[in-house]
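Trainee: Starting from these lines, generate the structure:
(4 chains)
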2 protein chains.
Amino acid sequence: MESRIERLCVERGLKMTGQRRVIARVLSESADHPDVEELYRRAAALDPRISIATVYRTVRLLEERGILERRDFGGGRARYEATDTEQGHHHHLIDIETGRVIEFSDAEHERVLQAIAARLGFDLVSHRLELFGRRRQPSRPATRGASAAGGEAGVSGTPANGQRR
Amino acid sequence: MESRIERLCVERGLKMTGQRRVIARVLSESADHPDVEELYRRAAALDPRISIATVYRTVRLLEERGILERRDFGGGRARYEATDTEQGHHHHLIDIETGRVIEFSDAEHERVLQAIAARLGFDLVSHRLELFGRRRQPSRPATRGASAAGGEAGVSGTPANGQRR
DNA sequence: GTACCTGCAAAGCCTTTGCCGTACT
DNA sequence: AGTACGGCAAAGGCTTTGCAGGTAC
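Mentor: The predicted model follows:
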């Protein structure tokens, strides 16, 4: 079966090798933000005939083609996730206690950034935002899921962060 | 003469060596966001008896003491700037054409982030924000300096960015 | 058939560290 | 005087790359 990422690769005219197919599948099935090492582990589990150099080369290629996005959550390793084609881009909130990454997007926030850039005489091309927070200990049961104005959120899999390098 | 950073070091009980004094002075006089290599160059110009290992050790030490802050504008190198004691923390807008870094702060933006974190059930501990923009080509002379709600801005020295690693 | 891909191992870049003589409080 | 610091060079972690053989289109 053809994975979502593989389809994108084909659409963009990339030569599909066995290794790339496996890596594409791993990426398609990853809901979190794996680093290269982790991608390599997952890919090698499906097909041991894959070297980490190929993983590096492939994520780089896919990033250049706009299929993947590179993230830097600190810790000196790059992390990857599929470019979000449906909704606009989102950002990340990292739980400083568990390292868990929560995705969110917020329309009002985007507007504020546009305004800031405009005020400085710039057109906003892109931006990077990460929040670091601590889970609130509510006296009453948490208000989780009560999403407000234009917001969406989803929790991702593996913990981020490995502190400094 | 005792530089601002040196004073902070003494206040926090750091042992002041000749090398540290020089590095402290370089940092005090730097209005931009130099990387270690650049700090080393500037320090070595004042006193050649300084090794880059010492620069690395010193910036790390000062960061741990809260005197310096480490920045990551991409390009794989850490950049440093003195912790801002006067106003609250600021953020950076990077001109994608020149690499110039512009600092700004914005009260409304801070409030929005607090609200986002709260909505997700978190207390906001810290955050990281960088804008990447392109200078607007105004039909009329730009509205530079017309700072809106709670905003302040200042241009810094050396270009950032060296693209990927 | 040709241009591109892969594995392997070596190299590169930024940063840290062990060792030992030196300097600060 | 004792503890911490600095220089040097080696090592470490992540990523890229040269080379030789293999593979997709």
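
Trainee: so where do the helices sit in chain A?
Mentor: Under the criterion DSSP state H, helices of chain A are mapped to A:4-11, A:18-29, A:36-46, A:52-64, A:107-119.

Trainee: Report the distance from the first one to the chain centre.
Mentor: Spelled out, it's helix A:4-11. With Cα atoms, centre = their mean, to the nearest Å as the basis, helix A:4-11 stands 18 Å off its chain's centre.

Trainee: worst-scoring helix or strand of chain A, pLDDT-wise?
Mentor: strand A:152-155 (a mean of 52; mean pLDDT, DSSP states H and E).

Trainee: Spell out which parts of chain A neighbour DNA strand D.
Mentor: A:15-18, A:35-37, A:52-53, A:56-57, A:60, A:76-78, A:162, A:165 (Cβ under 7 Å from any atom of the strand). Any C-beta I mention is one placed from the backbone N, CA and C, and that applies to glycine too.

Trainee: Before we move on, what's the pLDDT of A:Arg14?
Mentor: Just so we're on the same page, residue A:14 is Leu rather than Arg. pLDDT recorded at A:Leu14 is 94.

Trainee: Please read the previous query as pertaining to A:Ala148.
Mentor: You'll see A:Ala148 listed with a pLDDT of 37.

Trainee: My guess is A:Gly133 contacts A:Thr98. True?
Mentor: No - counting by Cβ atoms under 8 Å, A:Gly133 does not reach A:Thr98; the two are 11.0 Å apart.

Trainee: so of the helices of chain A, which one's packed in deepest?
Mentor: Scoring these by mean neighbour count under mean count of other Cβ atoms under 10 Å in any protein chain shown gives helix A:18-29 as the most buried, with a mean of 20.

Trainee: Settle this for me: A:Ile23 is touching A:Asp47, isn't it.
Mentor: No - the criterion here is Cβ under 8 Å, and A:Ile23 misses it with A:Asp47 at 9.4 Å.

Trainee: Enumerate the residues of chain A near DNA strand C.
Mentor: A:14-15, A:17, A:19-20, A:49-51, A:53-54, A:57-58, A:61, A:164-165.

Trainee: distance between stretch A:40-51 and the chain's centre?
Mentor: Relative to where its chain is centred, stretch A:40-51 has its mean C-alpha point 21 Å off (Cα atoms, centre = their mean).

Trainee: what does it rub up against?
Mentor: A:18-19, A:22-23, A:25-26, A:30, A:34, A:52, A:55 (Cβ atoms under 8 Å, 6 or more residues apart in numbering or on different chains).

Trainee: 6 Å instead, please
Mentor: A:19, A:22-23, A:26, A:52, A:55 (Cβ atoms under 6 Å, 6 or more residues apart in numbering or on different chains).

Trainee: Give me the mean pLDDT for it.
Mentor: Averaged over stretch A:40-51, pLDDT sits at 95.

Trainee: Convert the C-alpha atoms of that stretch to PDB, please.
Mentor: C-alpha atoms of stretch A:40-51 as PDB (Å, rounded to 0.1, in the frame of the first residue of the first chain):
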ATOM      1  CA  TYR A  40      16.300   5.000  11.700                       C
ATOM      2  CA  ARG A  41      15.200   2.600  14.500                       C
ATOM      3  CA  ARG A  42      11.600   2.500  13.200                       C
ATOM      4  CA  ALA A  43      12.700   2.100   9.600                       C
ATOM      5  CA  ALA A  44      15.300  -0.600  10.400                       C
ATOM      6  CA  ALA A  45      12.600  -2.500  12.200                       C
ATOM      7  CA  LEU A  46      10.700  -2.800   8.900                       C
ATOM      8  CA  ASP A  47      13.800  -3.300   6.800                       C
ATOM      9  CA  PRO A  48      17.300  -3.800   8.200                       C
ATOM     10  CA  ARG A  49      18.800  -2.900   4.800                       C
ATOM     11  CA  ILE A  50      18.700   0.800   5.700                       C
ATOM     12  CA  SER A  51      21.600   2.800   6.900                       C
END
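
Trainee: residues contacting A:Cys9?
Mentor: A:Ala24.

Trainee: again with the one 3 residues further on
Mentor: Applying Cβ under 6 Å, 6+ apart, we find A:Arg12 in contact with A:Arg65.

Trainee: again with A:Gln19
Mentor: Shown in contact with A:Gln19 (Cβ under 6 Å, 6+ apart): A:50, A:54.

Trainee: give me every residue that touches A:His127.
Mentor: Going by Cβ under 6 Å, 6+ apart, A:His127 touches A:113, B:131.

Trainee: still on that earlier bit, which of A:Gly133 and A:Thr98 has more neighbours?
Mentor: Neighbour count, other Cβ atoms under 10 Å in any protein chain shown: between A:Gly133 and A:Thr98, A:Gly133 has more, with 24 against 12.
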